[in-house]
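Colleague: sequence-free structure coming up:
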């Protein structure tokens, strides 16, 4: 489990930490999630294997300069990407969204959308909202798989009991391909930094902080293995009943994604990847654990994963080693029960992706 901590030392100076804890973790306002099955790195809508274990993920943002006012709690439901219901407009129009630390924009399908993906999802109708404010700005977002284009507007957005009365968000006009067509959610709520937000749109949590809508500048995500309940997104408080042990603080290395420096990846004391250090991002929108092809190949040589997909004997799970990710001098062992996905047949939870040596620590690592 980990927290992410973002503090403000001066008006223009930011620093950040990821805080790790053992056991369970949680924060003030919550939001019930469903789990969405994903297939590959960065996907926001393609089915894949069901996570089996409890995923313990806490993201924490905390400002040292001020104490704000409210707490928000949203119930989440899981379908391996974890999604929950928010509302947009007055009166409220409900949408299910993925809470994604790997992107920064909030968007939902709209009545202007002509794509097949919009035909089987909820669509926002500006004419039905008395608080809707149009803009002249356009929006275009490309995910690992899947993309959307549309327009930006302002309206009231409610998340876990918190009403953000002037939040910028995207209304999709196109959602090409099949990625979002098969998604069990409508849109995406990004929780990464403003620096990677498309069209300069302010992320919803940053806007909550700016408007004084949360009592502390922090949020967390608790991910459960229960498909219908047990997972939550929580805003604004730390609930010690959700975790045990001590917190481990890890500095952020960039204010884009939730990016950290990783020391090494080892098996039985032998370094198999990330020798001398590497960069990694924590991404709730990615179901697998992805990294450079050389490092993943080394891992596969230990796990016996054969392509494609990487099948592994389910009976071998008990004899496979822990894979240890060392971050800021702290060892985080990932057992075979986490990195082997058992959905009748067993497959590896590791995926190759060559993006400047970057590792993407998705649900395989988080759980």
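Modeller: That came through, no problem. Since the structure is predicted, the reported quantities are computational estimates derived from the model, not experimental observations.

Colleague: state the distance from the residue nearest to residue 316 when sequence neighbours are not counted to residue 293.
Modeller: Closest residue to residue 316 in three dimensions, ignoring its sequence neighbours and counting by Cβ to Cβ, 6 or more residues apart in numbering: residue 304, at 6.5 Å. Backbone N, C-alpha and C define where each C-beta goes, glycine included. In this view, residue 304 and residue 293 are 17 Å apart by Cβ to Cβ, to the nearest Å.

Colleague: now do residue 160
Modeller: With the distance defined as Cβ to Cβ, residue 160 ends up 40 Å from residue 293.

Colleague: what about the stretch 151-300 of the chain, any weak spots by pLDDT?
Modeller: Residue ranges of the stretch 151-300 of the chain with pLDDT under 70: 224-229, 237, 239, 241-242.

Colleague: how about 90 then?
Modeller: 160-161, 215-250, 284-288 (pLDDT under 90).

Colleague: can you give me the strands for it?
Modeller: In the stretch 151-300 of the chain, strands defined by DSSP state E, counting those that start in this stretch lie at 162-174, 187-190, 219-222, 231-235, 244-255, 258-262, 264-267, 270-273, 278-282, 289-291, listed in chain order.

Colleague: can I get the ones you listed in CSV with mean neighbour count?
Modeller: Written out in CSV, the entries for the strands of the stretch 151-300 of the chain read as follows (neighbours: other Cβ atoms under 10 Å):
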stretch, mean neighbour count
strand 162-174, 21
strand 187-190, 28
strand 219-222, 29
strand 231-235, 29
strand 244-255, 15
strand 258-262, 21
strand 264-267, 20
strand 270-273, 16
strand 278-282, 21
strand 289-291, 29
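
Colleague: could you export the ones you listed as CSV, including distance to residue 300?
Modeller: Output for the strands of the stretch 151-300 of the chain, formatted as CSV (distance: least, Cβ to Cβ, whole Å):
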stretch, distance to residue 300
strand 162-174, 37
strand 187-190, 31
strand 219-222, 29
strand 231-235, 30
strand 244-255, 27
strand 258-262, 19
strand 264-267, 12
strand 270-273, 10
strand 278-282, 18
strand 289-291, 11
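
Colleague: quick one: closest of the ones you listed to residue 199.
Modeller: Evaluated over the strands of the stretch 151-300 of the chain, closeness to residue 199 peaks at strand 162-174, with 8.2 Å, by Cβ to Cβ.

Colleague: tell me what angle the closest one forms with strand 231-235.
Modeller: 120 degrees (axes from the mean of the first three to the mean of the last three Cα atoms, to 10 degrees).

Colleague: describe which strands strand 162-174 pairs with in its sheet and in which direction.
Modeller: Using DSSP bridges, strand 162-174 pairs in its sheet with strand 106-109 (parallel), strand 147-159 (antiparallel).

Colleague: so where do the helices sit in the stretch 201-350 of the chain?
Modeller: Across the stretch 201-350 of the chain, reading from the start of the chain, the helices by DSSP state H, counting those that start in this stretch fall at 204-210, 293-303, 336-339.

Colleague: tell me which of these is the most buried.
Modeller: Neighbour counts (mean count of other Cβ atoms under 10 Å) averaged over each of those peak at helix 204-210, with a mean of 22.

Colleague: which other residues reach that helix?
Modeller: Around helix 204-210, the neighbours that count as contacts under Cβ atoms under 8 Å, 6 or more residues apart in numbering are 61, 63, 68, 72, 106, 157, 159, 162, 164, 166-169, 189-191, 194, 202, 213-214, 217, 219, 235.

Colleague: 7 Å instead?
Modeller: Applying Cβ atoms under 7 Å, 6 or more residues apart in numbering, the set of residues contacting helix 204-210 from outside is 63, 106, 157, 159, 162, 164, 167, 189, 191, 194, 214, 217, 219.

Colleague: can you check stretch 306-318 too?
Modeller: By Cβ under 7 Å, 6+ apart, the surrounding residues in contact with stretch 306-318 are 300, 303, 304, 305, 336, 337, 340, 342, 345, 346, 347, 348.

Colleague: OK, contacts around residue 266?
Modeller: Taking Cβ under 7 Å, 6+ apart as the criterion, residue 266 is in contact with 272, 324, 326.

Colleague: separation between the second one and residue 109?
Modeller: This means residue 324. In this view, residue 324 and residue 109 are 42 Å apart by Cβ to Cβ.
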